[in-house]
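Colleague: need the 3D shape of this:
(one chain, ligands or ions: 2)
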Amino acid sequence: QGVIAYEDEEGPQRDLVFADAASGELVARHPQIHHARNRKVYDAKSGTKLPGALAVSEGGTTNDPVAKAAYDFSGITYDFFAAKFGRDSFNGSGATIHSTVHYSKNYVNAFWNGQQMVYGDGDGYYASPFAQDMDVVVHELTHAVTQYEASLVYQNQSGALNEAMSDIMAAAADAHQNGVTAKTWLLAETCWTPGVANDAMRYMANPTKDGQSYDYYPERYTGKADNGGVHINSGIANLAFYLLSQGGKHPRNKTSTQVPALGIDKAGQIFYRALTNYLNSNATFQDARNATAQAATELYGADEVAAVHAAWTAVGVPG
Ligand code: ASN
Ligand code: ZN
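Modeller: Numbering: from 1, shown residues only. Ligands and ions are numbered 1, 2, ... in the order given. Sure thing, here's the model as predicted:
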């Protein structure tokens, strides 16, 4: 991976160059494709009809702080995927990013519905408006990326991996924007329980802290709730990603494998490449271990591959 400079009929150009995994051939990507950012934000006005009334589109302004946040954070998300992975919007080819804010009344959730993002305003107790939390926006838009890539089925282990990819990219985008801090590993801390300081919806460095998530594969949830535990078992992969980034041991097992720290940039490249090149729609945690190891082999070297294996071993996923 690198940059080549050359000249064509339009003047001097710089392209990002990647080695294609399968063929080994160098593939160039025009930086120009990174300028296809196109956003539209709608207002459901406390109803549930989608998309609602147009509130702001690309290049425009709005006085609504929630619509503005949906607009700004979807732009930051677009820029993150373009800068880190050369990706042009969620479909890889410049799709318009549609978001609806003020969905329903006291609605404590946000979602990607297969075509657009939808944000509730929360109830003021469990949550404030979801669009004003950057983690939420990156999480939901990453569901769109996943839909166009691995298409991970939203149940059981593949669903937990789908959920984890959304949390992982939220952390990576947070780090890209703000540098790595303790808050990088908290999810939706900005909108979650506005009356409670320093808590979060999920904790990547210590997933069980939310009272719901699991963090160790042999203990994984196998019941039917939550589509087979998609927001419960996601903690297993979230913790693997945290350990791969920051290093260390399993937070509840001081005799676990020690994972070397690769930093969030390398860990993010490895997980993104696994998502886009190797995971298939029914992937399991073991498949994720193999996919990330394969990605690390291509992107880096033996030390990074060993770190990937150590991270999955620490969370109990067998090789
Ligand atoms: N906020 C949730 C999520 O994106 C909505 C859902 O359960 N699909 O995971
Ligand atoms: Zn999700």
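Colleague: stretch 77-85: which residues count as buried?
Modeller: Within stretch 77-85, the residues that qualify as buried are 77, 78, 80, 81, 82, 84, 85, counting by 16 or more other CB atoms under 10 Å. Bear in mind the C-beta positions are built from the backbone N, C-alpha and C, glycine included.
Colleague: and that stretch, anywhere near ligand 1?
Modeller: No. Judged by CB under 6 Å from any ligand atom, stretch 77-85 and ligand 1 are separated, with a smallest distance of 13.8 Å.
Colleague: can I get the CA coordinates of that stretch in CSV?
Modeller: Coordinates of each C-alpha in stretch 77-85 appear next as CSV, following Å, rounded to 0.1, in the frame of the first residue of the first chain:
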residue,chain,number,x,y,z
THR,A,77,-18.1,8.6,8.9
TYR,A,78,-17.9,9.0,5.1
ASP,A,79,-14.5,10.7,5.5
PHE,A,80,-13.3,8.0,7.9
PHE,A,81,-14.1,5.1,5.5
ALA,A,82,-12.6,7.1,2.6
ALA,A,83,-9.4,8.1,4.4
LYS,A,84,-8.7,4.7,6.1
PHE,A,85,-9.9,2.3,3.5
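Colleague: now do that stretch: distance to the chain's middle.
Modeller: The chain centroid and the centroid of stretch 77-85 are separated by 11 Å under CA atoms, centre = their mean, to the nearest Å.
Colleague: let me see the mean pLDDT of that stretch.
Modeller: Confidence for stretch 77-85, expressed as mean pLDDT, is 96.
Colleague: just to revisit the earlier point, now the buried residues of stretch 77-85 in TSV, with secondary structure and distance to residue 109?
Modeller: Listed next are these as TSV, based on DSSP: H, G, I helix; E, B strand; the rest coil; distance: CB to CB, whole Å:
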residue	secondary structure	distance to residue 109
77	helix	18
78	helix	23
80	helix	23
81	helix	23
82	helix	28
84	helix	27
85	helix	27
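Colleague: so which of these comes closest to ligand 1?
Modeller: Nearest to ligand 1, judged by CB to the nearest ligand atom, of the buried residues of stretch 77-85 is residue 77 at 13.8 Å.
Colleague: gap between residue 278 and residue 225?
Modeller: For residue 278, the distance to residue 225 equals 29 Å [CB to CB, to the nearest Å].
Colleague: residue ranges of the helices in the stretch 101-250 of the chain, please?
Modeller: Listed in chain order, the helices found in the stretch 101-250 of the chain under DSSP state H, counting those that start in this stretch are 134-148, 156-178, 225-229, 234-246.
Colleague: which of these has the highest mean neighbour count?
Modeller: Most buried of the helices of the stretch 101-250 of the chain, by mean neighbour count (mean count of other CB atoms under 10 Å): helix 234-246, with a mean of 29.
Colleague: contacting residues around whatever helix or strand comes next after it?
Modeller: Scanning forward in sequence from helix 234-246 by DSSP states H and E, the next helix or strand is helix 264-273. Here helix 264-273 makes contact (CB atoms under 8 Å, 6 or more residues apart in numbering) with 21, 84-85, 165, 168-169, 171-172, 175, 180, 184, 241, 244-246, 262, 292, 295-296, 298-300, 304, 308.
Colleague: that's a helix at residue 98, yeah?
Modeller: No. Per DSSP: H, G, I helix; E, B strand; the rest coil, residue 98 lies outside any helix segment and is strand.
Colleague: skipping adjacent residues, who's closest to it in space?
Modeller: residue 116 (3.8 Å; CB to CB, 6 or more residues apart in numbering).
Colleague: checking residue 305 next. Helix, strand or coil?
Modeller: Three-state call for residue 305 (three-state DSSP): helix.
Colleague: residue of the stretch 101-250 of the chain closest to ligand 1, please.
Modeller: residue 111 (4.1 Å).
Colleague: about what we covered before: can you redo the helices of the stretch 101-250 of the chain as JSON lines with distance to ligand 1 and mean pLDDT?
Modeller: Shown next, in JSON lines, are those (distance: least, CB to the nearest ligand atom, whole Å; pLDDT from 0 to 100):
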{"stretch": "helix 134-148", "distance to ligand 1": "6", "mean pLDDT": "98"}
{"stretch": "helix 156-178", "distance to ligand 1": "6", "mean pLDDT": "98"}
{"stretch": "helix 225-229", "distance to ligand 1": "8", "mean pLDDT": "98"}
{"stretch": "helix 234-246", "distance to ligand 1": "9", "mean pLDDT": "99"}
